[in-house]
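Undergrad: After the sequence you'll find the predicted model.
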Amino acid sequence: MNQDILQTVSRLKAIVRDVPDFPKKGIIFKDITPLLADHAAFSETIAYFAGQFRGRGITKVLGIEARGFLLAGPIAMALGAGIVPVRKKGKLPYKTLSASYELEYGTDTLEMHVDAVKPGEKVLIVDDVLATGGTAGAVCELAEKGGATVEGIAMLIELEFLKGRAKLPGRDIQALLKY
């Protein structure tokens, strides 16, 4: 990383708030709401990701419910792309494609509209945190079921100790803040 990016990372890490024992005891939650509320920090974040993926022909940005929506919109605008909401099962009003993934205790399912992406489109997947990789993997599956090519994955935070990257082999994953 160049010096400018290292300085940006340092500034942004100082803004992200640690919340101990949330949502359960023993977990240190990385709260991005202070970063979202800081215009300069939020702008730097969006500019970073737009810079990483500009010129790669991305036509759609897939934002993962719910905090991924907050990042995906401005990234899509910066890239001149559309935005696709990827939601939990039963939240979208039209026909959907679905993909399930493993959780610590059970499974969950994500959905997107059947016509959200078209064959040949290049997509960027965006969320706030890469943890175990299950969610991002399910969204890659959804995009590919729709005929799109996953051009990259943009994550504000990567929790490296959970090794989520290992579940996404061969994917271009850009994470700004790593813990």
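TA: That came in fine, so what should we check first? Numbering: from 1, shown residues only.

Undergrad: Give me the below-cutoff pLDDT ranges for the chain.
TA: 1 (pLDDT under 70).

Undergrad: That one: strands as residue ranges?
TA: Counting by DSSP state E, the chain has these strands, from start to end: 17-20, 28-31, 58-64, 82-88, 96-103, 106-113, 122-130, 149-158, 173-178.

Undergrad: Would you mark the buried spots in the lengthiest helix in the chain?
TA: Determined from DSSP state H, the single longest helix within the chain is helix 39-53. For helix 39-53, the neighbour count (16 or more other CB atoms under 10 Å) marks 41-42, 44-46, 48-50, 53 as buried. C-betas here are computed from N, CA, C, even on glycine.

Undergrad: coming back round to it: so for G137, which of the strands of the chain sits nearest?
TA: Closest to G137 of the strands of the chain, according to CB to CB: strand 96-103, at 6.1 Å.

Undergrad: what residues does that closest one touch?
TA: 89, 107-114, 134-135, 137-139, 141-142, 145-146 (CB atoms under 8 Å, 6 or more residues apart in numbering).

Undergrad: before we move on, what about stretch 17-27?
TA: By CB under 8 Å, 6+ apart, stretch 17-27 touches 28-31, 33-34.

Undergrad: now the end-to-end length of that stretch.
TA: Counting by CA to CA, to the nearest Å, you get 13 Å between the two ends of stretch 17-27.

Undergrad: would you turn the contacts of stretch 17-27 into CSV with distance to P20?
TA: Listed next are these as CSV, based on distance: CB to CB, whole Å:
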residue, distance to P20
I28, 5
F29, 8
K30, 11
D31, 11
T33, 16
P34, 16
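
Undergrad: closest to G63 among those residues?
TA: T33 (16.7 Å).

Undergrad: Show me what the residue nearest to the closest one when sequence neighbours are not counted is bridged to.
TA: Nearest non-adjacent residue to T33, counting by CB to CB, 6 or more residues apart in numbering: R17, 7.5 Å away. Counting by DSSP bridges, R17 is bridged to D31.
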